[in-house]
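Asks: just need the structure, nothing else, for what follows:
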Amino acid sequence: MNAIPSFKEDHISQIPALQLLQRLGWTYLTPEQALALRGGRPGRVILHAVLEEQLRKMNRIRFKGQTYAFSEGNVQAAIQALEEFPFDGLVRTNERIYDLICLGKSLPQMISGDQKSFPLRYIDFTPEGLANNQFHCTAEFVVERSGSHETRRPDIVLFVNGIPLVVVECKRPDIKDPLDEAVSQMIRNQRDDEIPKLFLYSQLVLALTKNEAKYGTTATAATFWAVWKEREDVDDEIARQLRMPVTVEQKDALFSDPFRYARGYFEKLDAVGSREITPQDRALYAFCRPERLLELMFRFILFDAGEKKVARYQQYFCVQKMLERLRSLDDEGRRQGGVVWHTQGSGKSLTMVMLAKAIALEPGIENHKIVLVTDRVDLDDQLYKTFHHCGHELVQATTGKHLIDLIEGHRAAIITTIIDKFEAALRKKEVQNPDRNIFVLVDEGHRTQYGPLHAMMRKVLPNACYIGFTGTPVMKKDKNTLTQFGGLIDTYTIREAVGDKAVVPLLYEGRDVELSVDQEQIDSWFEKVTANLAREQVADLKKKFAADRAEIRHRRGGKSRNSSWP
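Replies: The predicted model follows:
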């Protein structure tokens, strides 16, 4: 017999989410266990005991062929650096904690009489080191409000090595605007008088109902919460995950307090068989697979002029496609480039920043140089500011000679320039850098990219990988652009952007404009200016203007009356 459907929040969203998370590799902690791992202190948000154990286990000092453990003092210093970070506003503090988690901390230690600094990691972000991390999730995570003993209880929190990286708010779908309510509640909890300490560490925030889901990151305004779409069908894999058996221990953990009362209901559902895949399942699979979560955090989060941003799906999959190209070399050792067409308003400049970050982090690309090329001064300034605001050190070429120095030198890893400066550079000096680890990212790649200017750029950087970015639709007539760069890599169309509510649709309305012609005045003027011409010349002049008169008649919808014109 089928179980009677329930519309309780934990029945329809929260518990199904936790069940899928368990199958994806997350170990469930009861609220009591999570509190105990914080030393019984709801003012703390890091699972102190888990972090301490992981720092000891993951980190070793390698020095002169020997391996050493970090001292107990250094382990505690690393924990203190993360837990007691001075508060300087939510986003600024979150950015500094993000850098600390991603880059690790350098700690001095005496080894065999030598004192040196050695790096300590909080998370192992390498694909091969995924299993070195501990992944926990919990529900009803009690956190004390700032300056108060009152508490908030986010529905689900996900921890990596005891650090809370994901906060999830679940809502039942039968209430009014459930997703908007979840987003509003998440934003409220980040206020200074609420539980901002939890969001100092968060990297993703999710709003879920059974039928829809949105995501953002720390301090994302409600307008910019987005929907994620996989580029390939992943339902078969999600279905396989949902069919995976869970152990008795996993069930016992999940169906203890506060969900003890729901065990019978879900056991009846399990007896019926596999359930339908929901949009909530797709969102959790997209964001919360451990490998995807760490990849998004490490490669696809940016801080742009005081705002924290996480990749939208078109940016993520575009960068992934480009990396696949860049990893393979042709017979001459060059990398194949191409064209990215992402419509205006889709975050094209940030996609370029994310690609630059991905290139810098790619293990197989050493001593890289990235050249950002535009065809206008204002675009060059805009791109420079975007990269600078996102924390990238770069140099803006001011003259052709300066560009030569930057191309020949080894200090500047990222250069911005206007394409005209390549011509100015070649007038000064015959310069060429044949390095194959140079990546030329061309903004608005459909303009000025076939002809003398492009040829000069190719002459200076003959073996570089060229990638063009454009917000203008790439049509068949633009095949020269595709040929120059190496084919089309990725598209994100206006229709897709409107469907995702990333841009506002443009509506065009055709209208007939009523035109009027003072025919008597025109005839009078024509007779005056042709008074001294022969009859044949007047007739010939009228024929020359016949096409213009036909256009006037077309616009008016008929012939002019009382006119001597054809």
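Asks: could you check stretch 92-111 and say which residues are buried?
Replies: 93, 94, 95, 97, 98, 101, 102, 104, 105, 107, 109 (16 or more other CB atoms under 10 Å). Bear in mind the C-beta positions are built from the backbone N, C-alpha and C, glycine included.
Asks: chain center to that stretch: distance?
Replies: A distance of 23 Å separates the centroid of the chain from that of stretch 92-111, by CA atoms, centre = their mean, to the nearest Å.
Asks: what's the answer for stretch 175-191, then?
Replies: Distance of stretch 175-191 from its chain centroid, counting by CA atoms, centre = their mean, is 22 Å.
Asks: output the buried residues of stretch 92-111 as TSV; include the columns distance to residue 401.
Replies: Shown next, in TSV, are the buried residues of stretch 92-111 (distance: CB to CB, whole Å):
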residue	distance to residue 401
93	43
94	42
95	36
97	42
98	39
101	42
102	37
104	40
105	42
107	44
109	47
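Asks: ok, of those, which one's closest to residue 169?
Replies: When the buried residues of stretch 92-111 are compared for distance to residue 169 (CB to CB), residue 94 wins out at 18.3 Å.
Asks: any idea how far the closest one is from residue 272?
Replies: 43 Å (CB to CB, to the nearest Å).
Asks: any stretches of the stretch 301-450 of the chain with poor pLDDT?
Replies: Applying pLDDT under 70 to the stretch 301-450 of the chain flags the ranges 445-450.
Asks: please, where are all the helices along it?
Replies: Taking DSSP state H, counting those that start in this stretch to define them, one finds helices in the stretch 301-450 of the chain at 313-327, 348-361, 377-389, 400-408, 420-428.
Asks: what angle sits between the second one and helix 377-389?
Replies: Relative orientation of helix 348-361 and helix 377-389, computed by axes from the mean of the first three to the mean of the last three CA atoms, to 10 degrees: 50 degrees.
Asks: in the stretch 201-350 of the chain, which spans are strands?
Replies: Remark: strands assigned in the stretch 201-350 of the chain by DSSP state E, counting those that start in this stretch are 204-209, 212-216, 301-304, 307-310, 338-342.
Asks: my bad, the stretch 351-500 of the chain
Replies: Secondary structure of the stretch 351-500 of the chain (DSSP E, counting those that start in this stretch): strands at 369-374, 395-396, 414-418, 438-443, 465-470, 488-492.
Asks: neighbours of residue 141, just the number please.
Replies: When counting by other CB atoms under 10 Å, one arrives at 26 neighbours for residue 141.
Asks: brain fart, residue 462
Replies: 14.
Asks: return the distance of the closest residue to it other than its chain neighbours relative to residue 362.
Replies: Nearest residue to residue 462, sequence neighbours excluded (CB to CB, 6 or more residues apart in numbering): residue 434, at 5.9 Å. In this view, residue 434 and residue 362 are 21 Å apart by CB to CB.
Asks: these two - which one has more neighbours?
Replies: Neighbours per residue, other CB under 10 Å: of residue 434 and residue 362, the larger number sits with residue 362, 14 against 9.
Asks: isn't the more buried one up against residue 326?
Replies: Yes - applying CB atoms under 8 Å as the test, residue 362 and residue 326 come out as touching, 7.2 Å apart.
Asks: if we can go back for a sec, closest one of the buried residues of stretch 92-111 to residue 62?
Replies: Checking the buried residues of stretch 92-111 against residue 62 with CB to CB, the nearest one is residue 109 at 12.1 Å.
Asks: my read: the closest one touches residue 115, true?
Replies: Yes - using CB under 8 Å, residue 109 is in contact with residue 115, at 7.0 Å.
Asks: I appreciate the help and will end here.
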